[in-house]
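> I would like to see how this sequence folds:
(2 chains)
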Amino acid sequence: MDTETLKTTALSDTHIKLGAKMVPFAGYLMPVQYEGLSIEHETVRNAVGVFDVSHMGEFIVKGAGALDLIQRVTSNDASVLTDGKVQYSCLPNADGGIVDDLLVYRISADEYMLVVNASNIEKDWNWIKQFNTEGVEMKDISDKVSLLAVQGPKTAEALQSLTDIDLKSMEYYTFKKGTFAGIENVVVSATGYTGAGGFELYFENAEAENVWNKVMEAGKPFGIKPAGLGCRDTLRLEMGFCLYGNDIDDTTSPIEAGLGWITKFTKTFTNSETLAEQKKNGVKRKLVGIEMLDRGGIPRHGHDVVDAAGNKIGVVTSGTPSPTLKKSIALAYVPTELSKTGSEVFVSIRDKALKAVVVKIPFK
Amino acid sequence: MTFPENLKYTKDHEWIRTEGSNAYVGITEFAQSELGDIVYVDINTVGETVEAGAVFGSVEAVKTVSDLFMPVDGEVLEVNPLLDAKPELVNSDPYGDGWMIKIAVKGSLDSSDILSAAQYRELIGH
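The predicted structure is shown next:
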């Protein structure tokens, strides 16, 4: 893709000034790293790092039928949400796959915010819209909203001086709307994609540079650093979090992907009958964590998983050397009979079959 | 960034340092910085004669895999034994302990594909 046709975030110039390496991602020009992937990864694991993830999409769904619409299109049960609660969910398609995974924010009983992947904004919008038969108000605010993910064990402490909201007392997957860095109506959400703890901040684009600077300033005594999409991927992979387009897509079922926990049959939703049957009768393949035992290469998206005889039995969907664990880890679809912890499989890397073992996620 | 004058370079970002009829080959400081943290160096061509421009191995960074191209016709004599345990030497000392292979030079280094430090700097705009 031409760099000229790429979209930017309100902070693109800030990243370039900081010396970030910018790459095309989901149609946006995004920072993949600043100082270096490993140091940014460690900063987030041990202290606090800031990601600009403004490319993510946000929809507001509002009105008397809002919950009903969300219940029909998502797999998790949004009726259990109360005001200020967040839920991880997915949009199943009609063919057994996944349109996207998303977060559902309950602002009030009749108003929700859906946060979707940047690459799927238009696709999700059109998908949800076709189920909106009751005239629920839908607003795509993606281009107006900036999103910073401030992540790491020192985040609450680092950001506390910027807000009256008591950050430490906020539970995981809850949010509050309030004044942050002097700006009103910032959504402060105790969520993230790193497993390191922290907060995600949603606010208007016009405030982006201001918020960024104040966060960096407040975080200085805590060793804050800007963090790029490179370490966002290695961090999420260590936790075994799925990445849409890699580990889950239009052809993978949430049951196969280990997302049974966000697939609730307390209601009906797109393709829920098929998925309920899968849950009951089992699936042929499962997404599992694997750890490489042999050296010889890094498992990566698209590498074949093979048996001892070299026959293809599955596929790697994400893989990386783990900066924290100092070993190579991957997510892969394997036959269900080999999905148990301890099962031996091989990954074909440059025509070599390298031994790996199925392990529990998060990786340890 | 440094590009020592006593080395020759290629447009594929390898350097070559001759020692009699043999030579050491590695990747440039520019190449290692573009790749980022190197985690694995995979070279299985020891004992083989590889033509200039052909692939003699690959180098894996956290996010990418890149082929390594032979700068000149030659036989791969040895792979740097340090790299198996410490591939990060390619990042920290690309022209020293981060060398990749030792070769017996069989082709000519007087080719237009072999660049001086100044020509290489110009190529990468440094």
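> The residue in the stretch 201-350 of chain A that chain B sits nearest to: how many residues sit nearby?
When distances are taken as C-beta to the nearest C-beta, the stretch 201-350 of chain A reaches nearest to chain B at A:P321, 4.3 Å away. Where you see a C-beta, it was placed from the backbone N, CA and C, and this is true even at glycine. Number of residues near A:P321 (other C-beta atoms under 10 Å in any protein chain shown) recorded here: 23.
> So it versus A:E291, what's the distance?
11 Å (C-beta to C-beta, to the nearest Å).
> Equivalent analysis for A:M22, please.
32 Å.
> Show me where chain B has its helices.
B:29-35, B:89-92, B:117-124 (DSSP state H).
> burial count for residue 60?
No chain in the question, so chain A it is. Neighbour tally, A:I60, other C-beta under 10 Å: 17.
> let's do chain B instead
23.
> which one of the helices of chain B lies closest to A:A156?
Nearest to A:A156 among the helices of chain B is helix B:89-92 (34.0 Å), distances taken as C-beta to C-beta.
> about what we covered before: grab the nearest non-local neighbour of the residue of the stretch 201-350 of chain A closest to chain B.
B:V39 (4.3 Å; C-beta to C-beta, 6 or more residues apart in numbering or on different chains).
> quick revisit: helix, strand, or coil at the residue of the stretch 201-350 of chain A closest to chain B?
strand (DSSP: H, G, I helix; E, B strand; the rest coil).
> Could you verify that A:V316 is part of a helix?
No. Per three-state DSSP, A:V316 lies outside any helix segment and is strand.
> quick one: it and A:V23, what's the gap?
Counting by C-beta to C-beta, the gap from A:V316 to A:V23 is 22 Å.
> who's more crowded, the two?
More neighbours surround A:V316 than the other of A:V316 and A:V23, with 25 against 17 (other C-beta under 10 Å).
> ok, the more buried one - contacts?
A:290, A:299-305, A:330-332, A:347 (C-beta atoms under 8 Å, 6 or more residues apart in numbering or on different chains).
> The same query, at a cut-off of 6 Å, please.
A:299, A:303, A:330, A:332 (C-beta atoms under 6 Å, 6 or more residues apart in numbering or on different chains).
> Let's see if you can find the most crowded of those.
Result: A:A332 is most packed of these (other C-beta under 10 Å), 29 neighbours.
> May I ask which helix or strand encompasses it?
strand A:327-335 (DSSP states H and E).
> pLDDT of that strand, averaged?
Here strand A:327-335 scores 97 as its mean pLDDT.
> Contacts for the next helix or strand after it, please.
Of the helices and strands lying after strand A:327-335 in sequence (DSSP H and E), the nearest is strand A:344-349. With contacts defined as C-beta under 6 Å, 6+ apart, strand A:344-349 is touched by A:297, A:299, A:303-306, A:334, A:338, A:353-357.
> Which part of chain B gets nearest to chain A, residue-wise?
B:V39 (4.3 Å).
> could you list every residue that touches that residue?
A:321, B:60, B:87.
> what's the answer for B:D37, then?
Contacts of B:D37 by C-beta under 6 Å, 6+ apart are A:37-38, B:61-62.
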